[in-house]
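In: compute the structure for the input listed below.
(2 chains)
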Amino acid sequence: MKGITKKYRLLVLIAGALWLGGCSDFLDESDPSNFTVENYFTKPEHARSSVNSIYLAMRDPIMNSGFGGADWAMTEFATGLAATDLGQAVNSYFIKDLRNTSDNSYGRDYWASYYKGIANANLSIAKIPTITMDAAAAKKILGEAYFLRAWYYFNLVQLFGSIPLVTEPISLTSEQLRPLQAPAEDVYKLIVEDLKTAEAAGLPWVDATGKVSLGAVKALQAKVYLTMAGYPLQKGAEYYTLAAKKAEEVIDSKQFKLFTSYDDLHNPTKKNIDENIFMIQFKTQIVPGTWQGFIIPYNKNISAYSDETGGIYANADFVKSYDPADLRAKEKQFFFTKFTNQSDRNLEVNLGGYFIYKHFDVAAQTTTANSDLNWPVIRYADVLLMYAEASNEVSGPTAKAYDAANATRTRAQLPNLAGLSKDQFREAVWKERWYELCFENITWFDMVRLRKAFNVGTKQFDNYVGHKFSYGPVLTERELLFPIPTVELKNNTKLVPTKGY
Amino acid sequence: MGLVFTTGFSQLATSQSIAFVAAPAKQYSSVRKEMKLKNALLDLQRHYKVEIVFEDRLVGSSLVTSEALNLDLPLETNLELVLAQNGLKYKKIRRNTYVITESKAKVAEIIKTTKPEGAPSIEMTPVEINGIKTIKQMMVVDKIVKGKVSDESGTGLPGVSVVVKGTQRGTSTAADGAFELEVPDDRAILVFSFVGYKSKEIPVGAQSQMAVSLLPDENALDEIVVVGYGTVKKSDLTGAVGTVKGEVLQERPSSSLNQGLSGRITGVNVSSNSGRPGGRANIRIRGASSLSVSNNPLYVIDGVILNAVDLQNGSTPIDYINPNDIASIEVLKDASSTAIYGARGANGVILVTTKRGTSNGGKVTYDTDFSISVAPKKLALMNSKEFLAVEDLAYKNAAKYDPVGWATGTKYTDPKTKRTNPKLFDAQGNPLYDTDWQKEAFQKAFAQNHQLGFTNGNEKGSYGAFVNYRNQDGIAVGSWQKRYSARFVFDSQIKSWLKVGGTLGYTDQNEKQVDQLDGGGITMMRQVLEELPIIPVRYPDGSWASNRDYPGMEGGDNPLRVSADRLYFLRTQTMLGSMYATISLAKGLELKSSIGTNVINQRLDYFAAKGMQYISDNGDAYVRNNRYNSWQFENYLTYYKDFAKIHSINAMAGLSWQHVDRFENQATTQGFSDTYFQFNNLGGGSSPQAPSSNGQAYGLNSYFARVNYGLLNKYLVTFTGRLDGSSKFGAANQYAFFPSAALAWRVTEEEFMKSIPAISNLKLRTSYGATGNSEIPAYRALAGMGNYNVIFDGTRNIGIGISRMSNPNLQWEKTRQVDFGVELGLFANRLSFELDLYHRKVKDMLLDAPLPLSSGYTSIFSNIGSMENKGIEFAVNSTNVKMGDFTWTTTFNISINKNKVLALSGGSDIYSGNGVIRVGEPVGSFFGRVHLGTWGSSELDQAKKYNMLPGDVKYKDLNNDGTINDNDRTIIGKGIPDGFGTFLNTFQYKGLSLTVDLQYMYGNDVLDRSIHSAEDRQGIANSYKTVLNAWTETNQNTPIAQIRPINAYYTTNNDSHKVTDGSFIRGRNLLLAYSFPSTVTSKLKLDRLRVYASVQNFFVITKFKGYDPEVSNSSAPFDQGLTLYDYPKPRVFMLGLNIGL
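Out: Modelled structure (predicted):
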């Protein structure tokens, strides 16, 4: 019976091993590759990293450029001043032809990205104060977070109108997981407050690294107040005053200046300085810009990029409406119509349209196929024209207003404006905005806050509603907003669909 | 597969004979000049398909000269011949059973160990026997019992084991059934057992002369089926389990288990979705049960669970199991059989048993096959003349479709003016080339496969070593697969109470693939369709030609360059090992402890040369490493007992730990100015990208038990339960319990059935139970943060921001299944039917459910939604003709499954891949517009309302809102079939057999997305010839829009025009095999020699116009039947050889 004893001894051994193996923490696993919200926000460095993450969402709609279209083209096609040859990017056609629907992925991407930016800002704003760190440093870092939250909300409220106003981190049990829409006025209230906080955060006037600067904060304040003065809030004179004041502070800081050459607008060495007050950051080989293929003609073999999609170019009627003397409309300033063949740079190719040179990366297109360009958000030219517009509304065309309005005209080799009435000056500044700031995701926002549209035939401003695009479609009240995306309406049934969609 | 019978009757002996009976009919003969008597008997047994029962004691190591054997003569003649040489004789006790006995009637008395049921038959060492014997002899022997054992007809039964219950004392009966045994006292109980008969226990009492009659056990000669953590006789099975034996797999050699399994088992739908070497199979057991997590079954190889991991390019761990190593596959389908795998059993379980050593001496086997694959079909693509004509026509129509652009005078150029490249055109602008890219890109592909097996062993232990080499070229030039694998197994009965065994398998597989999933971008298969016929492969100077050489094209490179310069190598090494120990604790009680491990190392090497259009501008390379380690430790007790032949209990209880960890890292570099380094020196590129790595781990801790109870061998009940705990779930929901119950009634065991001899088997069974699915990624219950790349000052900065919302309530997906089955055998099972009806409902479906985007999150894994599968499985096996040496057998099976989504979060549709998941509809429904043809000239005004012109595609305005947009989409088809099955006929005449294996599927559609580029857009790449039927003023009744330059605008959508009925009948395999008779093999000193020739995929009948309707190259879970530049399935001509010695 020796075998039997042995066998039970073995059994006891195994049973012992089983107990050892069955220790109670066997099912405890933690994620080694990612922090969790619970174990983060313990060090000053975490404040920086947390705020860095807020910036990312600005980039998404710009990055998303390809055969399927480009999110950033949404507000360009909506102006009636853009054309496309990219047949499969149907979303471009829907917007361009004013047949847009709430299914449009461009709008959905803006909504998704910017709310993600807001969520990251909310997390930073909620958690950074819990980190033990230098108070001034924390305040400065939080200033960036407040600015960015304001920037995202400002874009969302202009695009979609009445929207959910989320200001806290969201969990599965949050009431704000499925929020109601807040009136646009409430959203603007938060934006104004956030920007005031950012303004007081101790940020430097200029940040050449591309982070939020005081210049950016004040420039955005000017834009927010100018917009609040117009539609839909129509807060009028008080806000024109505020807008003029903030723009003036930027101008008077003497920290910024116009480039002398339009080439510098798409010159990688001029990032974040002089005219470029605030930009979305890209870097060749690390995070190169992806829109180069989208802004060149359809398969004309002019580029080192193989994807030449003809995604967007300027409507010829618009370019032809520039003053013939305007430098900006001349070849290879804002636009280009000819380029050389990629395999033979001596062979000139007629592009068949006015393609956008403003965002054209010469080195990437001709050799590297890897772009180093930033995407502009706020240019000094914009601030100058905001000042001219706002101060004119407050006190008519002053000398300082003329200086501001004429700066870009001078660069365009156009004669100075002079001796205009308040109304004439207003329209002249608008026109200058259209010509100077085209294809920078600015014009449509101007159209909506002014409820005006530039008629390239008459070269006058039509009312927004009823304005007929040069290629036929007519704007209606519906087009004052982009529709809240279908997917969001389905996942949050508390939302009211945008009128007309 | 031989039957080894010793006087100590054991369960294993039974199972061995059972396994033999279950083996498929095949000619198998071997007689050599001099051989072991035992082997001769085993060979005869195989040849004549009978059972020969013998004691090792008698047959032992006797040798026979067997030259005189003639297998054409009756068995009896041959038996006499070999037995007479050793003073033995045989007795035929039943139709198919022969017992070997000694010539002279002699009472054998030996004292043997009695073994618990289920343990292998092993004699104890002589020392111990002697020891015991000595002890026994010192005991008082007070009684000698004599007797005779007879069968049901009163004839004496030789070889019956007679044992004193509870002791190791026993004997076996002599040729006439007589026995004589010393028993300690009157209280002794004698146990009589014999293979094929029901055992009997009789108290000795006062009697000294016993007459015992044994009754045959009709079910003893039964197939043994592997179930989770044990085996069961097929007749005792209460659940729905399908079985395929290795011999059957060998009829259609394939490179993966999934391919081999296709069509073998009802309810198991195998879609072989790619024709590349190794293929890519999608396997669903009783339909899909999950929306967000895996629908793949759980694979268990010799007890080791392969964890469902997402390997590269859609491969799964089962792809790296060498099919030649498989002895049998069991597919567990209903809840009763799958519940033992609890939280991981919801998608069905595939149990694989690999080949083991042999228990009857050394064997060498060599199996090889050679094949040539060809593309069975060419699609109709335009030639040079047609392409240029279409381009001219497009230009002609530009003004109609884009008056604004035409008016600029610069947007469109006459294509005739650009035909000036002297490399492509002659002076008149006529093309120099007319390339057939399908001819260039497809090749006759050669493949070879070699499997060598060495096995040896006896009743005490066995071992086997198996090596395999497989080398297969794909029909697409440049694609191939090579596999080396080796496996070693051993099983050893170390002590009478201890058995130890193990398996160690290693596979090294290298592949070059050209068909990446989700086919967008430029792939080789896309360029086969799109490359211009006017372009050559290479110019006379040897440089590659490209579409870009002709201006205005969407200039992809030619398919041969894509194949040659875009390298995608997948290198996988897997190690699968396990060890077990089985300890007999008492009679009927056994402990099995096993450890297993599966290690997968996979490396993906990628390189794309600089300047490849749309693939790489500057030369890209990356290396991605994935490592998956998993181990498991399982222990379970099995208890078996029969109570007075009325009750039988087979119980099992155990516990298990499993742990899985995975790690992946990738390094990418861009900027390779030449092609020398490829991926072998990532430092050799100018622009290294940020590396990445990620680790994940999870553990499972489980407790499981099963009780099988049988009453009178007629009524069978099974209860199964498993308690599973997983680290993937929140603390509150880590554990869940999955119970099941099953009931079976063997009607033919009832007295009233005995009067209906035509019905040889009738069993009704039903089961109900719960299983789970937990195949979500790890850590989903935690609020994970993610890494963000942001640029400041031109350098990379790290952001840490939100990534996933925590869901502490996350738990298992639960599936409940009810099954009802009937098994019917007629005329001695010559005709047999099996029918199963089931209803499978999943609730708490794990769904990566969308969140309101205003939260900043897009989705969260939640338990939402419900789905059902209802189905019928029916199989018939029939021996239609059996006349002399000729037999004709038929197998027909059909599986019908209806899937329906019952509930989703908030009731909203989920868009998945190209389909929609919508309540009330089956998953895998294609979603798109309704194509009504083209607008006619007479419909100008109506077309205008939709911004369309005559000649444009006409879609149905489903919501009648006057515009056509995404709201006008509906369900336009479904990729998942209504039913599928197999119709297989085998004709056998002596050693020659012909198998015709047909596969069919119906009710499935194919969405051909290749039409998007090969038909919707012309003039920038080559197109299907169908565009020649485009709309013109005189050809208005056509689905194809008028040709126009694509920058004038065009329409392309997933629509009903791209959907065709994909029902098909496929000639899956035509096999002609010949097994050489023993007269030949014995001359060659071989055990076995079989040659065969086969044609796989020898025809396909379908309405689908593409390469093959059984297709998908999408990674989306329900995109079955979706094609976008698929790799065609080849027709395979194969020659094979099986040798055994």
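
In: would you pull up the residue in chain B closest to chain A?
Out: Closest residue of chain B to chain A, CB to the nearest CB: B:Gly856 (2.2 Å). (C-beta placed from N, C-alpha, C; glycine too.)

In: so who does that residue touch?
Out: A:Tyr115, A:Lys116, A:Gly117, A:Ile118, A:Ala119, A:Asn120, A:Asn122, A:Val166, A:Ile170, B:Ile802 (CB atoms under 8 Å, 6 or more residues apart in numbering or on different chains).

In: and the last one, its phi and psi?
Out: Just to be clear, that refers to B:Ile802. phi -60, psi 150 (degrees, to the nearest 10).

In: for it, what are its contacts?
Out: A:Val37, A:Ser53, A:Lys116, A:Ala119, A:Asn120, A:Leu123, A:Pro169, B:Met785, B:Gly786, B:Gly856, B:Tyr857.

In: just to revisit the earlier point, state the pair within the contacts of B:Gly856 that is farthest apart.
Out: Greatest spatial distance among the contacts of B:Gly856 (CB to CB): A:Gly117 and A:Ile170, at 13.7 Å.

In: not counting its neighbours along the chain, what's nearest the residue of chain B closest to chain A?
Out: A:Ala119 (2.2 Å; CB to CB, 6 or more residues apart in numbering or on different chains).

In: state the mean pLDDT of the helix or strand containing A:Tyr146.
Out: Following DSSP states H and E, one finds A:Tyr146 within helix A:135-160. Mean per-residue pLDDT for helix A:135-160: 97.

In: who are the packing partners of that helix?
Out: On a contact count with 3 or more CB pairs under 8 Å, 6 or more residues apart in numbering or on different chains; DSSP states H and E, helix A:135-160 meets helix A:44-63, helix A:105-127, helix A:184-199, helix A:214-229, helix A:443-450.

In: list the contacts of the third one.
Out: Counting by CB under 8 Å, 6+ apart, the neighbours of helix A:184-199 from elsewhere in the structure are A:142-144, A:146-147, A:149-150, A:153-154, A:156-157, A:161-163, A:165, A:167, A:212, A:214, A:217-218, A:220-221, A:224, A:228, A:232-233.

In: filter those residues down to just the buried residues.
Out: Burial by neighbour count, 16 or more other CB atoms under 10 Å in any protein chain shown: within the contacts of helix A:184-199 this picks out A:142-144, A:146-147, A:149-150, A:153-154, A:156-157, A:161-163, A:165, A:212, A:214, A:217-218, A:220-221, A:224, A:228, A:232-233.

In: which parts of the stretch 101-250 of chain A sit against chain B?
Out: A:101, A:103, A:108, A:111-112, A:115-120, A:122-123, A:163-164, A:166, A:169-172, A:174, A:176-179, A:208-211 (CB under 8 Å from any CB of the partner chain).

In: quick one, which of the residues you listed are buried?
Out: Using 16+ other CB under 10 Å, the buried members of these are A:101, A:103, A:108, A:111-112, A:115-120, A:122-123, A:163-164, A:166, A:169-172, A:176-179, A:210-211.

In: what count of nearby residues applies to B:Gln509?
Out: 22 (other CB atoms under 10 Å in any protein chain shown).

In: for it, give the beta-bridge partners.
Out: B:Arg483, B:Thr572 (DSSP bridges).

In: might you report the residue contacts of it?
Out: Counting by CB under 8 Å, 6+ apart, B:Gln509 has contacts B:278, B:319-320, B:481-485, B:570-574.

In: now do 7 Å
Out: B:Tyr320, B:Gln481, B:Arg483, B:Thr572 (CB atoms under 7 Å, 6 or more residues apart in numbering or on different chains).

In: check B:Gln942 too.
Out: No contacts exist for B:Gln942 under CB under 7 Å, 6+ apart.

In: for it, grab phi and psi.
Out: Per degrees, to the nearest 10, the backbone of B:Gln942 is at phi -60, psi -40.

In: for it, give its distance to A:Tyr93.
Out: 20 Å (CB to CB, to the nearest Å).

In: and if you look at B:Val352?
Out: For B:Val352 relative to A:Tyr93 (CB to CB), the value is 54 Å.

In: higher neighbour count, those two?
Out: Remark: of B:Val352 and A:Tyr93, B:Val352 carries more neighbours, 25 against 18, as counted by other CB under 10 Å.

In: can you tell me the SS state at the more buried one?
Out: At B:Val352, secondary structure determined by DSSP: H, G, I helix; E, B strand; the rest coil is strand.

In: so it makes contact with B:Ile326?
Out: Yes. The pair B:Val352 / B:Ile326 is scored as a contact, 5.8 Å apart, by CB atoms under 7 Å.

In: find the closest residue to chain B in the stretch 251-400 of chain A.
Out: For the stretch 251-400 of chain A, CB to the nearest CB, closest residue to chain B: A:Ala369, 3.5 Å.

In: next up, the contacts around B:Gly1019.
Out: B:Val390, B:Glu391, B:Ala394, B:Pro1045, B:Ile1046 are the contacts of B:Gly1019 under CB under 7 Å, 6+ apart.

In: and the closest residue to the first one other than its chain neighbours, what is it in contact with?
Out: Across the structure, with CB to CB, 6+ apart as the measure, the residue nearest B:Val390 apart from its sequence neighbours is B:Gln1018 (5.2 Å). Taking CB under 7 Å, 6+ apart as the definition of contact, the neighbours of B:Gln1018 are B:Val390, B:Ala394, B:Val1027, B:Ile1043.

In: can you add neighbour count and pLDDT and give the contacts of B:Gln509 back as a markdown table?
Out: A markdown table is the format used below for the contacts of B:Gln509 (neighbours: other CB atoms under 10 Å in any protein chain shown; pLDDT from 0 to 100):
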| residue | neighbour count | pLDDT |
| --- | --- | --- |
| B:Tyr320 | 27 | 87 |
| B:Gln481 | 21 | 94 |
| B:Arg483 | 22 | 94 |
| B:Thr572 | 22 | 94 |
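
In: nearest to B:Val996 among the residues you listed?
Out: Of the contacts of B:Gln509, the one sitting nearest to B:Val996 (CB to CB) turns out to be B:Gln481, at 28.2 Å.

In: my read: the closest one touches B:Tyr469, true?
Out: No. Judged on CB under 7 Å, B:Gln481 makes no contact with B:Tyr469 at a distance of 11.7 Å.

In: residues in contact with the residue of chain A at minimum distance from chain B?
Out: Going by CB to the nearest CB, chain B is nearest to A:Ala119 of chain A, at 2.2 Å. By CB under 7 Å, 6+ apart, the contact set of A:Ala119 is A:Ile170, B:Ile802, B:Ser855, B:Gly856.

In: nearest to A:Ile286 among those residues?
Out: B:Ile802 (22.6 Å).

In: check what pLDDT that closest one gets.
Out: Looking at B:Ile802, the pLDDT reads 95.

In: give me the beta-bridge partners of it?
Out: B:Met785.

In: check B:Ile224 too.
Out: B:Lys233.

In: that one touches B:Thr231, doesn't it?
Out: Yes. The pair B:Ile224 / B:Thr231 is scored as a contact, 5.1 Å apart, by CB under 7 Å.

In: among the contacts of B:Gln1018, which two are most distant?
Out: Checking the contacts of B:Gln1018 with CB to CB, the most distant pair is B:Ala394 and B:Val1027, at 10.0 Å.

In: need the overlap of contacts for the two.
Out: In contact with both B:Ala394 and B:Val1027: B:Gln1018, B:Ile1043, using CB under 7 Å, 6+ apart.

In: now A:Lys245: phi and psi?
Out: According to degrees, to the nearest 10, A:Lys245 has phi -60, psi -50.

In: hmm, back to that, quick one: the helices and strands packed on helix A:135-160 as JSON lines, columns for mean pLDDT too.
Out: Below are the helices and strands packed on helix A:135-160 laid out as JSON lines (pLDDT from 0 to 100):
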{"stretch": "helix A:44-63", "mean pLDDT": "96"}
{"stretch": "helix A:105-127", "mean pLDDT": "97"}
{"stretch": "helix A:184-199", "mean pLDDT": "98"}
{"stretch": "helix A:214-229", "mean pLDDT": "98"}
{"stretch": "helix A:443-450", "mean pLDDT": "98"}
